[in-house]
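Engineer: sequence plus predicted model, see below.
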Amino acid sequence: MNNFFKKTQKLILSQQGSIFSSALLISMMIIISRLFGFLRYRILSSFFNKEELDIFFASFRIPDLIFEILISGALSSAFIPLVIKYQKDKEKFSQNISSIINFIILTMLFLIILISVFIDWIIPLITPGYPIEKNQQIIFLSRFLLLGQLPFLILGNFLIAFAQAYKVFILTTIAPILYNITIILFTIIFANKIHLLGPILGVMVGAMIFFISQLPIIFKINFSYQLILKKTEGLINFLKIVIPRVLTVITAQIDATIDLILTTFLGSGRYTAFYLAQHLQLLPVSVIGMALGQASLPYLTESYQQGKIEEFRKIIINSILNIFFLTIPISSFFIFARTPLTRLFFGGEKFDWEATILTAYTLSCFCISLPFHSIYYFLTRCFYAFLDSKTPFYISVLSIILNTLLSLFFIFILHLPVWSLALSFSLSMIFNVVLMLIALRKKIVRLEFLYIFWETFKISVASLIASFFSYYFMKILDILILDTTRTINIFFLLMMVGSLFSLLYLFLSWVLAIKEISFLVYFIIKAKEYRRKIIEIYNQNL
């Protein structure tokens, strides 16, 4: 048994040697985590109707805002590069990083206490279209999340940031899986007894498990935590880098809050449709875009700090095209198969047909920008690698202003349904990414826009042709062969259509000589290497 634990520790604390291997590992684990996440949504839609789910999802808006400010704003942009910078000097490492950690913890405590006191006034401002009773429930559940979920998630993400800085990715991807499993179990066991408080308790316990699961990283890092808050060089650099990034996150969270506000005027269940469609679109974005973004930051930082500009430039071009090669066909598939996808992931017992159609149309509008949304996370890491968080902030502000104006125009002038909010998001995301590419080209010469455009055009042509034939094949299966009133048949429908679509897309990619097809071959080789590595670790000394 002791031998088993040692081998497991060796596996989960193993370091990755390249961006691709890191991104592959993160992607594999994110897929598993997201599948559990969608199982969570499916179970929630079986126990609660769309009006009740409005309350559940809206309760996360304020806690998510604080989490995004402290974690997405601070850790991803500044903390990891500074850990890499100071890790070779133990004394500086401990003083600088401890001061940063303590600063964020104090900020977290201040925000939690402040918002907990004033949340009775805050919630009605962000959900003005809901009745008083609904807002009271949102306030009640939000306080539980602020006090019982948020601290553990933030502390757990500190440990994850250390792990990523040391290129340890297996351990970090276990935590979200355990988090989702806990919520699922609590929903099944307690939903009928204590209603929405059941899954909320699952979220709180899941956050504790999230934190505990990351504690083994302490054995990997050479870090001695100190209970200090000094004005160190690291803390000063951290604040200089993080302030623009935090402002970027705040503007994005304001944008998300405006979406919540607008959906409350459109009727019950509209926020649920928007929320679920957004999260389904985030599945490929997370698996491909966020995974590569997380994995690339340590390598991009090292390349830039060591003056390897040509290597830095090649990483950017190859990553953009590889992401487009994977996400453009996924975007097409999600658009033409939007309804069966929605029914498969969210078609619980209490998720009615109106909610299904609203969610499906909203999903298709989100997917217009899916490839751009995926490379957005990678492009921001490119700027963070040379410690520039100001440029993404300025561009994000312009993008969010555009999104807000379009949303207001669509809802109050054109009186369009909830899917128009997803359309405005897509248009503003495309605008954001185009501006970031232009800004990045000024930083890094010879970014070869014409080459990127030509390869992207070929990928788009292959995807559109494959989509055309796959769509009519799906219609034939749906009408003549499969009874899609049953969930299992929806699964078979999507599997058959997805298989045909993938084969057509790969064949057309070969015909059009799309170079990125070699990326899949490398992906398969690396996947086999991971399987062999796991087997070798557990077969040693048996």
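Structural biologist: Structure received.
Engineer: show me where the stretch 351-500 of the chain has helices.
Structural biologist: Counting by DSSP state H, counting those that start in this stretch, the segments of the stretch 351-500 of the chain that form helices are 353-367, 370-385, 390-408, 419-443, 449-476, 487-511.
Engineer: tell me, how many residues neighbour I119?
Structural biologist: 17 (other CB atoms under 10 Å). From N, CA and C alone the C-beta is placed, and that goes for glycine too.
Engineer: using TSV, lay out the helices of the stretch 351-500 of the chain together with distance to R343.
Structural biologist: Formatted as TSV, these follow (distance: least, CB to CB, whole Å):
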stretch	distance to R343
helix 353-367	6
helix 370-385	20
helix 390-408	27
helix 419-443	17
helix 449-476	13
helix 487-511	5
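Engineer: show me the one of the ones you listed that comes nearest I189.
Structural biologist: helix 487-511 (22.5 Å; CB to CB).
Engineer: that closest one: how far from the chain's middle?
Structural biologist: Helix 487-511 sits 25 Å away from the centroid of its parent chain (CA atoms, centre = their mean, to the nearest Å).
Engineer: pick the most deeply packed of the helices of the stretch 351-500 of the chain.
Structural biologist: Mean neighbour count, computed with mean count of other CB atoms under 10 Å, is highest for helix 370-385 among the helices of the stretch 351-500 of the chain, reaching a mean of 25.
Engineer: extract the CA atoms of that helix and return them as PDB.
Structural biologist: C-alpha atoms of helix 370-385 as PDB (Å, rounded to 0.1, in the frame of the first residue of the first chain):
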ATOM      1  CA  LEU A 370     -15.800  30.400 -30.200                       C
ATOM      2  CA  PRO A 371     -12.400  30.200 -32.100                       C
ATOM      3  CA  PHE A 372     -11.600  33.800 -31.200                       C
ATOM      4  CA  HIS A 373     -12.600  33.300 -27.600                       C
ATOM      5  CA  SER A 374     -10.300  30.300 -27.500                       C
ATOM      6  CA  ILE A 375      -7.200  32.200 -28.700                       C
ATOM      7  CA  TYR A 376      -8.100  35.100 -26.400                       C
ATOM      8  CA  TYR A 377      -6.700  33.300 -23.400                       C
ATOM      9  CA  PHE A 378      -3.500  32.400 -25.100                       C
ATOM     10  CA  LEU A 379      -3.000  36.000 -26.500                       C
ATOM     11  CA  THR A 380      -3.400  37.500 -23.000                       C
ATOM     12  CA  ARG A 381      -0.700  35.200 -21.700                       C
ATOM     13  CA  CYS A 382       1.600  36.400 -24.500                       C
ATOM     14  CA  PHE A 383       1.400  39.900 -23.100                       C
ATOM     15  CA  TYR A 384       1.800  38.700 -19.500                       C
ATOM     16  CA  ALA A 385       5.000  36.900 -20.500                       C
END
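Engineer: who does that helix touch, helix- and strand-wise?
Structural biologist: helix 270-284, helix 291-305, helix 309-336, helix 390-408, helix 419-443 (3 or more CB pairs under 8 Å, 6 or more residues apart in numbering; DSSP states H and E).
Engineer: any idea of the mean pLDDT for it?
Structural biologist: Throughout helix 370-385, pLDDT has a mean value of 84.
Engineer: run the chain-centre distance for that helix.
Structural biologist: 12 Å.
Engineer: again with stretch 175-186
Structural biologist: Worked out by CA atoms, centre = their mean, stretch 175-186 lies 17 Å from the chain centre.
Engineer: what about F211, neighbour count?
Structural biologist: Using other CB under 10 Å as the criterion, the residues surrounding F211 number 21.
Engineer: can you pull the contacts of it?
Structural biologist: Neighbouring residues of F211 by CB atoms under 8 Å, 6 or more residues apart in numbering: F152, L153, L155, G156, L159.
Engineer: quick check: pLDDT value at it.
Structural biologist: Checking the pLDDT column for F211, the value is 90.
Engineer: check R34 too.
Structural biologist: At R34, pLDDT is 76.
Engineer: buried members of the contacts of F211 into ChimeraX, please.
Structural biologist: Provided next is the ChimeraX selection string for whichever of the contacts of F211 are buried by 16 or more other CB atoms under 10 Å:
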select :152,153,155,156,159
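Engineer: so which of the helices and strands packed on helix 370-385 comes closest to I243?
Structural biologist: helix 390-408 (8.9 Å).
Engineer: and the gap between L70 and F491?
Structural biologist: The gap separating L70 from F491 is 39 Å, by CB to CB, to the nearest Å.
Engineer: and for N157?
Structural biologist: 34 Å.
Engineer: what of K134?
Structural biologist: 34 Å.
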